[in-house]
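> Predicted model and sequence below, questions to follow.
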Amino acid sequence: MRVTVRLFAMLRERAGSDSVDIELAESATVADAIAALAQDPEVGDLAGRLPLRIAVNREYAAEDAPIHPGDELAAIPPVSGGDDRVRRARISPEALDVAAVTALVGDPGAGAVVTFQGTTRDVEKLSYDAYAEMAEPRIQEILRECVERHDLRAAAAEHRIGDVPLGEPSVVVAVSAAHRGEAFNGARDAIDRIKAEAPIWKKEVEGAGESWVEGTVP
């Protein structure tokens, strides 16, 4: 079936239209609609990176909710009333700028800023792969939860993909808080969860040898 999805804000701006049409199976669910949007030539590159919600007939719907012919669908990106304390959650192929990530968490009420950077050691380089479309929203959610749990003023994180030479950072996490205890705890919690939950993989490269680093199931 052919379904029209209404677009708003940055999605509408990207498409140059207030809606897009997607093709779905008769037994499609909201999850299928989200996947179809991520493949759409007009908005797919953006829709695939955003943690979207779908409204069906003007109500937020669970991902397993069915879609029927004639339903009104709307793609809802993160709303402006959300938590603006999460300043960045990004996967990047470029070298990371630690100072720039740290600057993002500046806040007049912050008495402490903690920045963690994970760097390549012992080997010539690390090579990272990531399911970026999933990793970015997952990191964003981790930071949001850390902000709430540790009473942070702000948080930001950036993870590099591709080759990261010896001594260069592959991940940067920066947080700010009123006091150093909250800042240290928040930064530790954030990096530990990013390493455990974000779909990112690394390969150690030394000369002609290379091997994937063992991990755990998220």
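Cool, the structure landed. Numbers count the residues shown, from 1 in each chain.

> what ranges do the helices span in the chain?
Under the criterion DSSP state H, helices of the chain are mapped to 9-15, 30-39, 44-47, 98-103, 132-150, 180-197.

> weakest of these by average pLDDT?
Mean pLDDT is lowest for helix 44-47 among the helices of the chain, at a mean of 82.

> Just the buried positions in it, please.
44, 46-47 (16 or more other CB atoms under 10 Å). For every residue, glycine as well, the C-beta is placed using N, CA and C.

> right, and the helices of the chain - which one's nearest residue 65?
With CB to CB, the closest approach to residue 65 among the helices of the chain belongs to helix 30-39: 4.8 Å.

> if we can go back for a sec, how about the helices of the chain in CSV, adding distance to residue 69?
Shown next, in CSV, are the helices of the chain (distance: least, CB to CB, whole Å):
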stretch, distance to residue 69
helix 9-15, 23
helix 30-39, 13
helix 44-47, 22
helix 98-103, 47
helix 132-150, 28
helix 180-197, 37
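
> Figure out which of these is closest to residue 156.
Comparison of the helices of the chain against residue 156 by CB to CB identifies helix 98-103 as nearest, at 5.3 Å.

> which secondary structure elements does that closest one contact?
Using 3 or more CB pairs under 8 Å, 6 or more residues apart in numbering; DSSP states H and E, the elements in contact with helix 98-103 are strand 112-119, strand 152-160, strand 169-177.

> Can you list the strands that the second one pairs with?
Using DSSP bridges, the strands paired with strand 152-160 are strand 86-92 (parallel), strand 169-177 (antiparallel).

> Tabulate those in JSON lines, adding columns for distance to residue 33 and mean neighbour count.
JSON lines is the format used below for those (distance: least, CB to CB, whole Å; neighbours: other CB atoms under 10 Å):
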{"stretch": "strand 86-92", "distance to residue 33": "24", "mean neighbour count": "20"}
{"stretch": "strand 169-177", "distance to residue 33": "32", "mean neighbour count": "26"}
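
> tally of neighbours for residue 38?
Residues within reach of residue 38, counting by other CB atoms under 10 Å, total 17.

> how far away is the nearest residue to it once chain neighbours are set aside from residue 29?
Among residues not flanking residue 38 along the chain, residue 48 sits closest, at 3.8 Å (CB to CB, 6 or more residues apart in numbering). Applying CB to CB, to the nearest Å, the value for residue 48 to residue 29 is 18 Å.

> before we move on, what about residue 153?
From residue 153 over to residue 29 the distance is 39 Å, taken as CB to CB.

> More neighbours: those two, which one.
A count of neighbours by other CB under 10 Å puts residue 153 above the other of residue 153 and residue 29, at 22 against 18.

> That one reaches residue 178, doesn't it?
Yes: with contact defined as CB atoms under 8 Å, residue 153 counts as touching residue 178 (6.8 Å).

> list residues touching both of these two?
Counting by CB atoms under 8 Å, 6 or more residues apart in numbering, the residues touching both residue 153 and residue 178 are 109-110.
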